[in-house]
Every structure is written in C-alpha cells, then in structure tokens.
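[1] take a look and give me a structure for this.
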Amino acid sequence: MKWLLLACVALAPLAGAQSIKLNTVGYAPDAAKLAVVPRTAAASFSVVDAASGQTVWRGPLQAAGVWDASGEDLQLADFSAWRQPGRYRLQVAGLPASAPFVLQPRPYDALYTAALKAFYYNRAGMAIAGPYARPAGHPDTEVRVHASAASPGRPAGTLISSPKGWYDAGDYNKYIVNSGIATYTLLAAHEHLRAPGVLEEARWNLDWMLSMQDPADGGVYHKLTNLEFDGMVMPHQATTPRYVVQKSTAATLDFAAVMAVASRVYPQPASARMLQAARAAWAWAQAHPHQIYVQPADVKTGEYGDDQLRDEFAWAAAELFITTGEPAFYRAIGLETLPARVADWQDVSGLVYLSLSHHRRALAPPADVARIEAGLEALAQSLLAQWRASPYRISMRAGEFVWGSNAVLLNQAMTLLVANAQRPHPDYVRAAQSALDYVLGRNALGRSLVTGQGWNPPRHPHHRPSQADGIADPVPGFVVGGPQPGQQDAAHCRQAYPSALPALSYLDDVCSYASNEVAINWNAPLVYVAAALNR
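    Got it, this is the predicted structure:
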C-alpha cells in the first residue's frame with residue numbers, strides 16, 4: 001500500500017525505546033487492540049484520525065511493568081472498544097505519534113496471501129513468475145545416493161529423481177524433518193480453517209516428500225542437499241551435485257504423520273498412495289526405532305538432528321489413528337505419558353494434541369477424549385498465564401527467545417486457537433492476536449518482522465534469492481527468525497548487534513542467519529494464525 005510506504009519513510013526515527021509499538025498492519029474492528037507505550041508522565045492516550053489528526057477516542061494508560069526481555073518500563077494502551085473502520089494513529093503526550101494502522105474487516109487478506117505465496121517463491125525445480133521471476137533451479141531429477149544412504153537396491157552413487165519441494169530456508173536444500181511440521185501446519189490450516197490455496201501449495205512439497213521414500217523398504221532419507229551451502233547466488237546458478245543422505249527414524253516418522261494427514265484431505269488416487277506410504281514408513285520405523293541421523297563428515301549443511309524420538313512415534317501414531325481408526329495406532333501414542341508442549345520441528349508432541357483435539361468428536365474407541373481435551377486445555381492455560389504476566393502481553397517468556405523466536409510465539413498462538421476451538425475462551429483469541437501483533441510491530445524493536453508487510457519491515461533477510469535477484473525489495477511474505485541472544489553469526493557480521501537482551505538482539509542484515517533468516521517452518525504458523533484471525 002502506498003500509504004504504508006510513505007509511513008516507512010516519514011516515521012523511520014520512531015523505532016527504539018521511546019516509541020509507541022503496535023500492530024502496524026491493523027486489526028479487525030472487533031479484535032483486541034493493544035499498544036505498548038514507554039513509561040511517561042502521561043495518564044492517557046488518544047486514537048486520532050491519521051489524515052486529519054482529529055481525536056476520535058481516548059483511554060487510560062495502564063501500568064505494565066518492566067519487561068526482562070528488553071529492559072523497558074512499560075504501560076499498555078487498550079483501545080479494543082474503538083471499532084469504527086478507518087486509518088488511525090495513537091498519540092501519547094510527550095511521545096511521537098505511532099505508525100499508522102487500519103481498522104477494517106478482513107485486515108489480513110494481504111498478509112495471508114503474501115505469507116502463503118512465500119512458499120511458492122521458495123519452490124525448487126520450477127521457474128517462478130511475477131515480480132520476483134527467476135529461472136528454474138535444482139530440477140533434482142538426477143540426485144546421487146550418498147554413501148550414508150546406500151542400500152542393496154541403491155548403492156552409493158546411484159542416481160534417483162527427487163524433484164519439486166520447497167527450499168527449506170535461506171539456503172537451497174530440502175529437509176524432511178522441517179518439511180514435516182511446515183507441511184502439517186499448512187494442511188491443518190485447511191482441515192481446521194478451510195484456508196484457501198494451501199492444498200495446492202502443499203502438494204508441491206508432498207510430491208517431493210513422496211520421492212524421498214525408498215520404495216524397497218519404506219525408509220525415508222533425512223535430507224536432499226549439496227555437500228556444502230551454496231553461495232549467495234540464484235537457484236539456477238547453484239549447480240553443485242546433490243545427494244540424498246541417510247535414512248533416519250525421525251524423518252521417516254515425520255513423513256508417516258504428514259502422509260496420514262494428507263491422505264485425509266486429498267482425493268483418490270493420491271489419498272490411497274499417501275496412506276500406503278505412511279503405513280510403509282511406520283513399518284520401517286518399527287523395525288529401525290533408533291536410526292538417529294548422524295551428519296556425515298563430508299556434509300556441511302543443516303543437520304536437523306534429533307535423538308529423542310518419543311514424540312515422533314506418538315505423532316505418527318496419532319495421525320494414523322485419526323485416519324484409519326485402528327486401535328493399535330491409538331495404543332502406540334501412549335497419551336497417558338505424553339506431555340502437551342508447544343510444537344517445534346524437534347518436539348512434535350504438541351501436534352498430537354492439536355490433531356486429536358480437532359478430530360475428537362469423530363475418534364473411534366479406545367480414544368480418551370477427556371484426556372485429550374485436558375492436555376490441550378492445561379497447555380493453553382499455561383500460555384494464558386504467561387500472556388497475562390507479560391508487560392508486552394505476549395505468551396513468550398524471555399527464556400523462549402531462541403533461534404526462530406518469532407515461530408515460537410506463532411506456534412503458541414496456533415495452540416491457543418485450537419484450544420479455543422475446543423472450548424471457547426475470549427482470552428485465548430486475545431493472546432493469539434497479541435502474537436500476530438508482535439510480529440507486525442508490537443515488539444521491542446518497534447518494527448514489522450514480516451517482509452513487505454507493515455511499518456519498517458526487514459529489508460535484508462538471510463535468503464539467497466532476496467540477496468541475489470537484483471531487486472531492491474526482498475521477497476515478500478516471509479517472517480524472519482527474530483531476536484534471540486545467541487548471536488551465533490556475530491563473527492560474520494560487520495555490524496554489531498544493538499543489544500544482548502533477548503528481545504533486542506536482532507540485525508536486519510543478510511549476514512544474520514541467527515536472527516534474520518527465513519524458514520518454511522516459521523512461515524507456516526504465520527499462514528495459520530493470519531487465516532484464523534482474518535475476520
């Protein structure tokens with residue numbers, strides 16, 4: 001939008017501690033609307049028309065406290081009661097006016113479209129059309145079997161075809177483990193929300209995942225990769241040999257879970273093929289329960305290592321039970337000893353509860369629906385307690401600012417939204433809204449963290465096409481990893497991080513893979529949350 005671009009130029013000095021921080025894209029009229037304000041002598045705030053400057057509503061500022069993640073002493077401005085559509089700013093005496101924002105029905109149409117389109121822009125093996133057009137790269141029709149993946153039917157050096165799929169992140173490799181949770185989340189957006197376009201997009205990656213299963217035994221290769229990361233070049237310029245690397249239990253179980261879900265939502269004959277593939281993967285994992293991925297010495301790309309597989313077995317069993325109704329799969333979940341935690345690629349136990357809760361009314365015996373509901377409810381209540389205690393009103397604590405912190409918060413929001421579908425609670429939706437507000441500007445940095453969306457979005461993400469395509473603006477619709485204090489890339493960056501505090505440890509620089517990279521498993525919950533809150 002032109003007005004957003006103008007706002008970026010006019011309001012650039014507002015970023016920092018002395019600014020009013022809010023969702024710079026906007027809100028649905030009936031949504032919860034909170035802004036974070038630095039502590040001042042002012043007791044109230046105003047909502048003003050962005051064009052005329054006329055005050056349309058006033059409210060009191062509420063003390064919030066000091067946020068340990070950023071060191072800020074804060075107040076909250078709650079303007080949920082103002083519901084008139086329009087374009088506004090917030091004003092507090094002694095502070096610059098906020099960035100503009102809109103109130104309108106379906107305020108996240110553009111955000112949702114961009115977040116889903118980001119997967120298209122990260123497709124491997126095809127030419128991309130539109131303003132970010134590029135030639136096809138990585139056809140992956142002649143991929144070598146790495147020595148670690150060799151089998152009697154496919155000895156080392158065998159060429160196989162494994163096309164399509166999404167590039168995992170800012171690099172050009174494809175990883176089953178991370179594709180697992182990312183693809184599941186898109187399919188859940190269809191199953192739970194009937195979100196448009198996700199089935200078409202997810203199919204591109206599902207076709208690749210199917211090609212990663214060895215038809216001889218059902219095991220699944222952990223990843224398809226170069227031996228080393230490519231330089232900052234376009235996909236068609238990256239032509240080093242590609243390999244499938246070691247079958248692993250984690251990859252095979254993630255594959256089984258996703259294919260069981262996919263078999264529920266795609267028509268025949270694809271459905272039958274996906275379910276057959278899921279069963280074959282489950283059988284392989286039963287026969288190889290501890291096949292932990294170990295990075296070969298000559299492979300230097302992302303590892304996605306995981307030596308704790310209890311959660312993967314439970315997730316695959318849960319999805320197969322939902323799909324087939326076979327009691328043996330339910331018993332294999334072991335729900336009575338499975339904790340409910342917010343999911344990430346390395347711990348998918350939370351997905352068990354999300355899926356079982358959504359399908360709870362149709363589950364066959366011996367499913368314990370009361371236990372399923374209680375597990376998700378307890379997790380949601382703990383997130384709600386964290387949200388209420390946070391001066392920023394987000395459910396993420398200071399210690400959860402890890403690599404990909406934005407996705408931690410968005411996955412928490414997804415959990416809250418599924419819990420709300422199970423047992424409606426207005427604060428579940430408010431807390432989920434706060435997570436979306438955070439990535440769109442109500443954060444300690446005072447900026448949007450989604451490329452091409454809102455005020456002062458990332459300009460230099462760690463994303464090879466965005467760096468190498470010669471276009472000034474980065475590929476839009478990607479949420480970057482976000483602030484985290486590890487600063488693992490500090491030695492590679494000429495610019496110093498502005499702070500070691502968790503919520504401020506961020507660099508908008510292509511060097512910063514630790515805070516400014518993009519990834520499919522981070523974007524997938526953005527798609528889900530934007531779809532759920534776009535009303």
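
[2] is the nearest residue to Trp82 once chain neighbours are set aside bridged to anything, and to what?
    Among residues not flanking Trp82 along the chain, Trp57 sits closest, at 4.3 Å (Cβ to Cβ, 6 or more residues apart in numbering). (Glycine included, C-beta is placed from N, CA and C.) Going by DSSP bridges, Trp57 is paired in beta bridges with Val47.

[3] okay, now the unreliable bits of the protein?
    The model of the chain has pLDDT under 70 over residues 1-17.

[4] that one: helices as residue ranges?
    Listed in chain order, the helices of the chain (DSSP state H) span residues 2-10, 109-121, 176-193, 198-211, 249-265, 270-287, 310-324, 327-333, 349-358, 369-389, 405-422, 426-439, 464-468, 520-533.

[5] so which of the ones you listed comes closest to Asp30?
    When the helices of the chain are compared by Cβ to Cβ, helix 426-439 sits nearest Asp30, at 10.2 Å.

[6] can you pull the buried residues of the closest one?
    Within helix 426-439, the residues that count as buried by 16 or more other Cβ atoms under 10 Å are 427-439.

[7] can you list those residues in a markdown table and add distance to Ile520?
    What follows is those, written out as a markdown table (distance: Cβ to Cβ, whole Å):
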| residue | distance to Ile520 |
| --- | --- |
| Asp427 | 30 |
| Tyr428 | 26 |
| Val429 | 26 |
| Arg430 | 28 |
| Ala431 | 25 |
| Ala432 | 21 |
| Gln433 | 24 |
| Ser434 | 24 |
| Ala435 | 19 |
| Leu436 | 19 |
| Asp437 | 23 |
| Tyr438 | 20 |
| Val439 | 16 |
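
[8] which one of these is nearest to Lys300?
    Val439 (30.9 Å).

[9] which residues are in contact with the closest one?
    Contacts for Val439 were tallied using Cβ atoms under 8 Å, 6 or more residues apart in numbering; they are 406, 409-410, 448-450, 479, 482, 526.

[10] let me have the residues you listed in a markdown table, adding neighbour count and distance to Tyr243 as columns.
    Below are the contacts of Val439 laid out as a markdown table (neighbours: other Cβ atoms under 10 Å; distance: Cβ to Cβ, whole Å):
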| residue | neighbour count | distance to Tyr243 |
| --- | --- | --- |
| Asn406 | 27 | 31 |
| Leu409 | 27 | 35 |
| Leu410 | 30 | 32 |
| Ser448 | 27 | 38 |
| Leu449 | 29 | 34 |
| Val450 | 27 | 33 |
| Val479 | 31 | 30 |
| Gly482 | 29 | 31 |
| Leu526 | 32 | 31 |
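
[11] Cys511 against Cys493, yeah?
    Yes: Cys511 sits in contact with Cys493 when judged by Cβ atoms under 8 Å, with a separation of 4.0 Å.

[12] ok, now how distant is Glu201 from Val475?
    As defined by Cβ to Cβ, to the nearest Å, Glu201 lies at a distance of 15 Å from Val475.

[13] with Val265 instead?
    Val265 is 27 Å from Val475, by Cβ to Cβ.

[14] cool, and Gly481?
    Taking Cβ to Cβ, one finds Gly481 at 15 Å from Val475.

[15] who's more crowded, these two?
    Gly481 (28 against 25; other Cβ atoms under 10 Å).

[16] how about that one: what's its closest non-neighbour residue?
    For Gly481, the spatially nearest residue (Cβ to Cβ, 6+ apart) is Gly404, at 4.6 Å.

[17] the one you found and Pro107: what is the separation?
    Gly404 is 25 Å from Pro107, by Cβ to Cβ.

[18] isn't Asn456 up against Ser448?
    Yes: with contact defined as Cβ under 8 Å, Asn456 reaches Ser448; the gap is 6.3 Å.

[19] what's the overlap in contacts for the two?
    Contacts common to Asn456 and Ser448, judged by Cβ under 8 Å, 6+ apart, are Thr24.

[20] isn't Ala256 up against Trp282?
    Yes: between Ala256 and Trp282 a contact is recorded at 4.8 Å, counting by Cβ under 8 Å.

[21] for those two, list the residues in contact with both.
    With Cβ under 8 Å, 6+ apart as the test, Ala256 and Trp282 both reach 316, 320.

[22] more crowded one of these two?
    For the pair Ala256 and Trp282, the greater number of neighbours falls to Ala256 (30 against 25), based on other Cβ under 10 Å.

[23] ok, now which ones touch that one?
    So, once contact is read as Cβ under 8 Å, 6+ apart, Ala256 ends up touching 277-279, 281-282, 285, 316, 319-320.

[24] separation between it and Tyr330?
    15 Å.

[25] also Leu90?
    51 Å.

[26] could you measure from Ala398 over to Ala156?
    The value you get for Ala398 to Ala156, if Cβ to Cβ is used, is 47 Å.

[27] actually Arg106, not the one I wrote
    Arg106 is 53 Å from Ala156, by Cβ to Cβ.

[28] who has more neighbours, the two?
    Each of Arg106 and Ala156 has its neighbours counted (other Cβ under 10 Å); Ala156 has more, 13 against 10.

[29] pretty sure that one sits against Val244.
    No: applying Cβ under 8 Å, one finds Ala156 not in contact with Val244, separated by 10.8 Å.
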